[in-house]
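K.L.:
whatever this is, show me its structure:
(one chain, ligands or ions: 2)
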Amino acid sequence: MKVSISPSTINGHITANPSKSAMQRAVAAALLAKGKSSIYNPGLSNDCLAAMDVVEKLGATVERFPDHVEITSNGVQPVNPEINCGESGLGIRMFTPITALSDQTITIKGHGSLTTRPMDFFEKVLPQVGVSCTTNDGKLPLVIKGPIQPRDITIDGSLSSQFLTGMLMAYGANAENVSIKVGDLKSKPYVDLTLQIMAHFGVKVANENFETFRFGARQAYKAKDYTVEGDWSGAAFLLVAAAVAGKAEVHHLNTQSAQSDKAILQALESAGAQILPGVFTIITAKDKLSPFTFDATDCPDLFPPLVALAANCNGVSTFSGVSRLAHKESDRGITLQEEFAKMGIKIELDGDEMRVHGGTGIKAANVHSRFDHRIAMACAVAALTADGPVVIEEAEAINKSYPEFYDHIAKLGAKVTIEGEVLSH
Ligand SMILES: O=C(O)C1=C[C@@H](OP(=O)(O)O)[C@@H](O)[C@H](O)C1
Ligand SMILES: C=C(OP(=O)(O)O)C(=O)O
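P.N.:
Ligands and ions are numbered 1, 2, ... in the order given. Model (predicted):
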């Protein structure tokens, strides 16, 4: 699908889309609980749909209603020898240890970029807890056979926090007086989100400085109602759009959230954007923007909107944490560099550092999502202040996390055409 975005002024208000990070965790917790859980404001992006499909294959019943999803479960009792996590990195890394709670042999698959993302962690770690695991040379598909026997283990957290999230959630079902130690953990706030949702569903874990996670007496997940928070990761694009091209009010954003990407507010503040935060509404508005520095090691998904922001700041902005980007839906340091170069923006990559040369003018161009939702959204935001239309190829990549994205920016005033048809509001 080709989407064209023309230079536009942003003005309006919008309700943030549901967080896929929170939704997928809640769906997993509902599977682990016995009884019926209702999830309100459910996410329906591809990653969330894949999570609902996985829990059905693992024995739960999922019913969709207009404003909520009901998940009825009796714990992990697979009804299919295969699960498919779609393109979700979190999905596969969370559901693999959870699936291993069963004693059945299960094949775990995915598609698109997920087939090239590293999974060798499981081959190293799962055998230490009684689970046999084979991979395709460190990649998908995985074949596992549990049941997992929670023991004291030490794992590496430097590649991704998602493996720890999966181990914590699976241990929560039956661990007793054991701990998980983790070295060099990155993306720490995502682990806080995991612990917060586990606690909501009745399982408490002691977090000692993001180094040791202790499970005491055996606990059980309890079926609960849960409301999914607005997504700071998707909203970051809208807030940046307003900061470079007008003004917007984004509702349903919790400033007390555990989500990493609420850190976009600090970046916007450093760049000099106007911010008027309420408890659940953030208003940003265009002002004179200055280059800024930002460490995105623990919030790697912010790189794409940060680059769109920096392209509009007069001078060189410097971001650290680039090494976290190599194994996302694309190698995001490089794809940002290549796609923004087409729009006339120079990006230097230097070890763990990225330097964006902003204020040089954004040019009309044909760009490509590289099948990465956040690259498509970053290009769309950059287009708002370009000197002509930016055409994004394979623009449907947004469906992974934020299917409403083009609709939302059009509602905020962006001139969007999809396959030649004007998206009007
Ligand atoms: O747990 C999560 O919901 C996520 C964790 C992060 O991954 P890493 O821990 O690999 O950085 C983030 O990039 C991803 O989009 C979602
Ligand atoms: C990297 C992402 O997600 P995941 O790792 O869950 O596929 C993302 O949403 O940008």
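
K.L.:
Asp184: neighbour count?
P.N.:
By other C-beta atoms under 10 Å, 9 other residues sit near Asp184. Any C-beta I mention is one placed from the backbone N, CA and C, and that applies to glycine too.

K.L.:
just Ile5 next, same as before
P.N.:
For Ile5, the neighbour count with other C-beta under 10 Å is 25.

K.L.:
just checking, it is part of a strand?
P.N.:
Yes. Ile5: assigned to a strand according to DSSP: H, G, I helix; E, B strand; the rest coil.

K.L.:
and it, what does it touch?
P.N.:
Shown in contact with Ile5 (C-beta atoms under 8 Å, 6 or more residues apart in numbering): 379-380, 383-384, 389-390, 392, 409, 414-416.

K.L.:
what pLDDT is listed against it?
P.N.:
Ile5 carries a pLDDT value of 98.

K.L.:
which residues of the stretch 151-300 of the chain fall in strands?
P.N.:
Assigned by DSSP state E, counting those that start in this stretch, the strands in the stretch 151-300 of the chain fall at 153-156, 178-183, 206-208, 212-215, 225-227, 246-251, 274-277, 281-285, 293-295.

K.L.:
parallel or antiparallel, which strands does the last one pair with?
P.N.:
I take that to be strand 293-295. In the sheet, strand 293-295 lines up against strand 315-320 (parallel) (DSSP bridges).

K.L.:
just checking, next helix/strand downstream of the partner strand?
P.N.:
Sequence order places helix 332-342 as the next helix or strand after strand 315-320, per DSSP states H and E.

K.L.:
give me the buried positions along that next one.
P.N.:
Judged by neighbour count using 16 or more other C-beta atoms under 10 Å, the buried positions of helix 332-342 are 332-333, 335-340.

K.L.:
same thing with stretch 51-65?
P.N.:
By 16+ other C-beta under 10 Å, the buried positions in stretch 51-65 come out as 51-60, 62.

K.L.:
could you do stretch 262-273 as well?
P.N.:
For stretch 262-273, the neighbour count (16+ other C-beta under 10 Å) marks 262-265, 267-268, 270-271, 273 as buried.

K.L.:
please apply the same query to stretch 324-334.
P.N.:
Of all the residues in stretch 324-334, those buried under the rule 16+ other C-beta under 10 Å are 324-325, 327-333.

K.L.:
indicate whether stretch 397-415 makes contact with ligand 2.
P.N.:
Yes. Under the criterion of C-beta under 6 Å from any ligand atom, ligand 2 is reached by stretch 397-415 at Ser401.

K.L.:
now that stretch: average pLDDT?
P.N.:
In this model, stretch 397-415 carries a mean pLDDT of 98.

K.L.:
now that stretch - C-alpha only, CSV.
P.N.:
What follows is stretch 397-415, C-alpha atoms only, in CSV (Å, rounded to 0.1, in the frame of the first residue of the first chain):
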residue,chain,number,x,y,z
ALA,A,397,3.5,-1.9,8.2
ILE,A,398,1.8,0.3,10.8
ASN,A,399,-0.8,-2.4,11.4
LYS,A,400,1.7,-4.2,13.6
SER,A,401,1.2,-1.8,16.4
TYR,A,402,-1.1,1.1,15.4
PRO,A,403,-3.6,0.4,12.7
GLU,A,404,-5.4,3.7,13.4
PHE,A,405,-2.3,5.8,12.8
TYR,A,406,-3.1,7.3,9.3
ASP,A,407,-6.6,7.9,10.4
HIS,A,408,-5.4,9.7,13.6
ILE,A,409,-3.0,12.0,11.9
ALA,A,410,-5.6,12.8,9.2
LYS,A,411,-8.0,13.7,12.1
LEU,A,412,-5.3,16.0,13.4
GLY,A,413,-5.2,17.8,10.1
ALA,A,414,-2.5,15.9,8.1
LYS,A,415,-3.2,15.6,4.4
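
K.L.:
just checking, Leu126 touches Ile148?
P.N.:
Yes. Between Leu126 and Ile148 there is a contact under C-beta atoms under 8 Å: 7.5 Å.

K.L.:
which helix or strand in this structure has the lowest average pLDDT?
P.N.:
Of all helical and strand segments in the chain, the minimum by mean pLDDT, DSSP states H and E falls on strand 281-285, at a mean of 70.

K.L.:
SS state for the one residue in the stretch 301-425 of the chain that gets nearest to ligand 1?
P.N.:
With C-beta to the nearest ligand atom, the shortest gap between the stretch 301-425 of the chain and ligand 1 falls at Asp301, namely 4.7 Å. Three-state assignment for Asp301 (three-state DSSP): helix.

K.L.:
from Thr15, how far out is it?
P.N.:
Separation of Asp301 from Thr15 (C-beta to C-beta, to the nearest Å) stands at 20 Å.

K.L.:
number of nearby residues for Glu394?
P.N.:
Glu394, neighbours per other C-beta under 10 Å, totals 16.

K.L.:
now do Pro78
P.N.:
Using other C-beta under 10 Å, Pro78 has 17 neighbouring residues.

K.L.:
which residues does Gln274 bridge with?
P.N.:
Ala285.

K.L.:
you'd agree Pro78 is in a helix?
P.N.:
No. Checked against three-state DSSP, Pro78 lies outside a helix; its state is coil.

K.L.:
re earlier: show me what contacts the residue of the stretch 301-425 of the chain closest to ligand 1?
P.N.:
So Asp301 contacts 233, 236, 260-261, 328, 374 (C-beta under 8 Å, 6+ apart).

K.L.:
what of Gly315?
P.N.:
Residues in contact with Gly315 (C-beta under 8 Å, 6+ apart) are 290-291, 357-359.

K.L.:
what's the closest non-adjacent residue to Leu44?
P.N.:
Nearest residue to Leu44, sequence neighbours excluded (C-beta to C-beta, 6 or more residues apart in numbering): Pro403, at 7.0 Å.

K.L.:
do Ser187 as well
P.N.:
Nearest residue to Ser187, sequence neighbours excluded (C-beta to C-beta, 6+ apart): Ser161, at 3.9 Å.

K.L.:
next: Leu239.
P.N.:
Nearest residue to Leu239 in three dimensions, chain neighbours excluded: Thr284, at 4.7 Å (C-beta to C-beta, 6+ apart).

K.L.:
count the residues that sit near the one you found.
P.N.:
Neighbour tally, Thr284, other C-beta under 10 Å: 27.
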